[in-house]
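In: 3D, please:
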Amino acid sequence: MKKRSREEKADELRPEYDLRHLLRDGIQGKYAQRYEEGTNIVLLAPDVAKAFPTQTAVNEALRLVIELGKLSRPNKQTGAKA
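Out: Have a look, this model is predicted:
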């Protein structure tokens, strides 16, 4: 069996899938802004990261803060605390 050259190995796509043709009108970063809008990445300070080493720990702590915030707000209907 004859060995295939590097060029033959690198281009195993069928001619109808020629990426040079398919991607010629492509725009780099076309969806980057949309992606960033749906992504919330926050860098934690080293001391905070040490206290909350996983994303689960961070999320649980933030959910607790949200719940505590709800308890300290007055009820809009009666004016009393919930």
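In: quick one, what contacts Phe52?
Out: 44, 58, 61 (Cβ atoms under 8 Å, 6 or more residues apart in numbering). C-beta here means a position set from N, CA and C on the backbone, and glycine is covered the same way.
In: try 7 Å this time
Out: Applying Cβ atoms under 7 Å, 6 or more residues apart in numbering, we find Phe52 in contact with 58, 61.
In: Please report how far it lies from Leu71.
Out: As judged by Cβ to Cβ, to the nearest Å, Phe52 and Leu71 stand 22 Å apart.
In: ok, now Gly29?
Out: Distance from Gly29 to Leu71, by Cβ to Cβ: 44 Å.
In: where in the chain is pLDDT low?
Out: Where the chain drops to pLDDT under 70, the residues are 1-2, 4-11, 75-82.
In: Can you show me the helices along it?
Out: All helices of the chain, identified by DSSP state H, fall at 6-10, 19-22, 32-37, 46-51, 55-72.
In: which residues are in contact with the second one?
Out: In this case it means helix 19-22. Here helix 19-22 makes contact (Cβ under 7 Å, 6+ apart) with no residue beyond itself.
In: For the helices of the chain, give me CSV that also has mean neighbour count.
Out: Below are the helices of the chain laid out as CSV (neighbours: other Cβ atoms under 10 Å):
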stretch, mean neighbour count
helix 6-10, 8
helix 19-22, 9
helix 32-37, 9
helix 46-51, 10
helix 55-72, 10
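In: for Gly69, what are its contacts?
Out: If you count contacts by Cβ under 7 Å, 6+ apart, Gly69 has none.
In: Understood, closing this out.
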